[in-house]
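J.: prediction below, plus the sequence it came from.
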Amino acid sequence: MTGTFSSLNTALSALRYQRIAMDVASNNIANVSSEGYVRRRAEAVALGSPQQVAMWSRYDGSGDGVALSGITRMGDPFLDMRSRREHGQQSYLDARVAVLDRVEGAIGEPGDTGVSAALADFRNAWQDLQSHPESAAARSQVLAAGQSVADALRVQASNIQGEMSDQRGHVLDLVAEINVTAQDLAAVNQNIADAAAAGLDTNDLADQRDLLALKLADLTGGDAKLGANGVMNVTVAGVPLVTGKDASTLAVASGIAADGSADGAPLVFSLTGPSGTATLGAASLKGELGGTSELLTGTLPDYLSGLDSVARQLADTVNALHTTGYDANGAAGQPFFSYDPTGAASSLTVAITDPNGVVSSAQAGTLDTSIAEALGDLSVADDAYQRLVNGFATQVASSKRASTNQALLTSQVDGAREQQVGVNFDEETVNLLAAQRAYEAAARVMTTMDSVLDTLINRTGVTR
């Protein structure tokens with residue numbers, strides 16, 4: 001049979017549990033704005049009758065109250081994994097779009113100050129010289145228009161080279177940030193393992209762990225998986241970055257010097273850990289580092305190469321015609337443009353300084369203007385540049401479209417995760433009120449039992 005004070009013990013267990021439940025609800029509300037916080041729930045377990053039948057006695061009670069079985073962190077590993085994956089892809093696309101959008105603005109096409117306008121003015125200057133072959137002003141205008149084309153190409157090449165320099169520095173910054181984050185995650189993993197072994201609560205550490213894993217996914221697109229004792233292991237392109245308490249060190253193996261300059265070699269990364277060193281190609285990375293690396297190894301160098309090709313075509317085709325004619329002094333024509341073959345767009349310049357050295361005729365001493373006419377109609381460089389710009393614009397539009405679509409998917413996954421882990425004021429208020437009322441009811445039970453015991457002790461068995 002049950003003891004006289006069993007109901008008091010039952011009510012006491014309820015008071016203890018409901019107080020913890022109120023503490024948990026209050027903590028959820030207090031951390032509604034805390035980054036990475038995952039709401040908690042106090043789990044109850046009923047304390048029932050003995051599980052084994054006694055030989056000489058029996059249990060007549062209906063239970064021994066309630067106990068706290070644990071404080072559950074309301075996370076969903078599947079949604080966490082989805083969120084990290086989508087964030088990694090989003091960061092990859094956003095890194096590309098930010099740079100491509102900036103470069104597209106610097107190109108300035110279509111516009112009145114870009115390369116296309118300069119090329120059109122250059123052809124117009126030759127056409128004007130065709131109409132006025134005796135005009136020194138027309139010849140000076142040809143030189144000025146030619147230099148404007150060279151300047152426009154050089155400015156655009158300089159913008160691309162400057163952007164590449166900025167992105168090389170950004171890669172070095174990202175590598176340093178990745179290493180710090182990986183070390184922080186390894187330290188949190190160690191703390192989680194120690195706390196779990198000691199039987200301590202690890203929920204706050206788990207919040208830090210997931211936040212760091214998400215940051216690594218943003219930076220590298222790495223794959224994070226839960227291991228034993230709640231530690232988070234992260235791999236990048238299949239190579240371990242964080243394994244339990246050990247963090248590998250990411251470094252730029254080649255492609256970028258320590259001062260941020262290009263060393264002329266392909267961009268390659270190294271990952272050094274307890275088991276040795278592995279190399280990672282730039283194309284194997286995702287996240288912000290992967291997007292930035294792709295810009296450095298593909299998009300920006302390709303555009304700069306296309307710009308060099310335009311400059312070479314312009315110089316070579318103009319020089320080919322210009323050297324077949326005669327200038328105003330009757331001398332054979334000299335090359336109009338000069339450039340460095342290793343960087344045509346950034347080095348293109350007008351080689352002629354004297355306006356009388358501009359060629360307009362195919363025969364010396366005549367007013368023939370066939371060379372000026374041919375150069376006025378020459379549009380090889382214009383067509384090549386237009387194809388280059390159109391291709392780049394298509395790439396920018398495609399990247400923006402992919403980023404927008406990915407943002408919708410990422411938002412959906414984040415929304416589903418927030419429904420699971422986020423703090424809801426209405427729900428927490430209901431939980432708080434329910435715990436409060438249950439606490440009051442348990443206190444009323446104790447008051448009732450106190451009255452019963454008072455009657456039993458002080459009002460029965462009274463003797464004179």
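T.: Yep, it's here.

J.: so where does Asp454 fall, helix or strand?
T.: helix 425-458 (DSSP states H and E).

J.: likewise Ala157?
T.: Judged by DSSP H and E, Ala157 forms part of helix 136-197.

J.: show the subsequent helix or strand relative to that helix.
T.: That would be, after helix 136-197 and using DSSP H and E, helix 203-220.

J.: and the helix holding Ala157, how far out from the chain middle?
T.: For helix 136-197, the separation from the chain centroid amounts to 15 Å (computed by C-alpha atoms, centre = their mean, to the nearest Å).

J.: in the helix holding Asp454, which residues are buried?
T.: Within helix 425-458, the residues that qualify as buried by neighbour count (16 or more other C-beta atoms under 10 Å) are Glu428, Asn431, Leu432, Ala435, Ala438, Tyr439, Ala442, Val445, Met446, Met449. C-beta: built from backbone N, CA, C; applies to glycine.

J.: repeat for stretch 65-79
T.: Applying 16+ other C-beta under 10 Å to stretch 65-79 flags Gly65, Val66, Leu68, Ile71, Arg73, Gly75, Leu79 as buried.

J.: of the residues you listed, which belong to helices?
T.: With helices identified by DSSP state H, the entries of these that belong to them are Leu79.

J.: host element of the residue nearest the centre of the chain?
T.: The C-alpha lying nearest the average C-alpha coordinate of the chain belongs to Ser91 (C-alpha atoms, centre = their mean; 2.4 Å). Assigned by DSSP H and E, Ser91 falls within helix 77-107.

J.: tell me what that helix is packed against?
T.: Using 3 or more C-beta pairs under 8 Å, 6 or more residues apart in numbering; DSSP states H and E as the contact definition, the elements that helix 77-107 packs against are helix 136-197, helix 203-220, strand 223-226, helix 287-294, helix 300-322, helix 380-421.

J.: tabulate those (a markdown table), appending mean neighbour count.
T.: Converted to a markdown table, these look like this (neighbours: other C-beta atoms under 10 Å):
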| stretch | mean neighbour count |
| --- | --- |
| helix 136-197 | 19 |
| helix 203-220 | 22 |
| strand 223-226 | 18 |
| helix 287-294 | 26 |
| helix 300-322 | 20 |
| helix 380-421 | 16 |
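
J.: out of these, nearest to Thr235?
T.: Between Thr235 and the helices and strands packed on helix 77-107, the shortest gap by C-beta to C-beta is with strand 223-226, which sits at 5.1 Å.

J.: what helices or strands is the following helix or strand past that closest one leaning on?
T.: Taking DSSP H and E as the definition, the helix or strand that follows strand 223-226 towards the C-terminus is strand 232-236. With contacts taken as 3+ C-beta pairs under 8 Å, 6+ apart, strand 232-236 sits against helix 136-197, helix 203-220, strand 223-226, strand 239-243.

J.: wait, which of these is closest to Val389?
T.: helix 136-197 (10.0 Å).

J.: and the angle from that closest one to helix 300-322?
T.: The directions of helix 136-197 and helix 300-322 differ by 170 degrees, with axes from the mean of the first three to the mean of the last three C-alpha atoms, to 10 degrees as the criterion.

J.: can you give me the mean pLDDT across helix 136-197?
T.: Helix 136-197 carries an average pLDDT of 96.

J.: got phi/psi on Thr113?
T.: Taking degrees, to the nearest 10, you get phi -120, psi 10 for the backbone angles of Thr113.

J.: list the contacts for it?
T.: Ala152 (C-beta atoms under 8 Å, 6 or more residues apart in numbering).

J.: for Leu453, see how far away it is.
T.: Thr113 sits 95 Å away from Leu453 when distances are taken as C-beta to C-beta, to the nearest Å.

J.: can you check Ala98 too?
T.: When distances are taken as C-beta to C-beta, Ala98 and Leu453 turn out to be 74 Å apart.

J.: now swap in Thr323 and tell me
T.: Taking C-beta to C-beta, one finds Thr323 at 118 Å from Leu453.

J.: over to Lys400?
T.: Counting by C-beta to C-beta, the gap between Lys400 and Leu453 amounts to 76 Å.

J.: surely Val423 is in a helix?
T.: No: counting by DSSP: H, G, I helix; E, B strand; the rest coil, Val423 is not found in a helix; it is coil.

J.: surely it is in contact with Asn28?
T.: Yes: counting by C-beta atoms under 8 Å, a contact exists between Val423 and Asn28, whose distance comes to 4.9 Å.

J.: name the residues contacting each of these two.
T.: Contact criterion C-beta under 8 Å, 6+ apart; residues bridging Val423 and Asn28 by contacting each: Arg39.

J.: the buried residues of stretch 65-79 in strands, which ones?
T.: Mapping the buried residues of stretch 65-79 onto strands (DSSP state E) picks out Val66, Leu68, Ile71, Arg73.

J.: the third one contacts Asn27, correct?
T.: What it means is Ile71. No: between Ile71 and Asn27 there is no contact, the gap being 9.3 Å when judged by C-beta under 8 Å.

J.: how far out from the middle of the chain is stretch 301-318?
T.: Distance of stretch 301-318 from its chain centroid, counting by C-alpha atoms, centre = their mean, is 33 Å.

J.: average pLDDT for that stretch?
T.: 97.

J.: now stretch 352-372
T.: The predicted model assigns stretch 352-372 a mean pLDDT of 87.

J.: what residues does it touch?
T.: Residues outside stretch 352-372 that contact it (C-beta under 8 Å, 6+ apart): 126-127, 129-130, 133-134, 136, 139-140, 142-143, 321-331, 333-334, 336.

J.: buried subset of those as a PyMOL selection?
T.: Here is the PyMOL command that selects only those of the contacts of stretch 352-372 that count as buried (16+ other C-beta under 10 Å):
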select buried, resi 126+129+130+133+139+140+142+143+321+322+325+326+327+328+333+334+336
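
J.: sketch out the low-pLDDT regions of the stretch 201-350 of the chain for me.
T.: Judged against pLDDT under 70, the stretch 201-350 of the chain has no low-scoring part.

J.: 90 - rerun?
T.: Along the stretch 201-350 of the chain, the parts satisfying pLDDT under 90 run over 201, 227-229, 264, 275, 327-330.

J.: sounds good, over and out.
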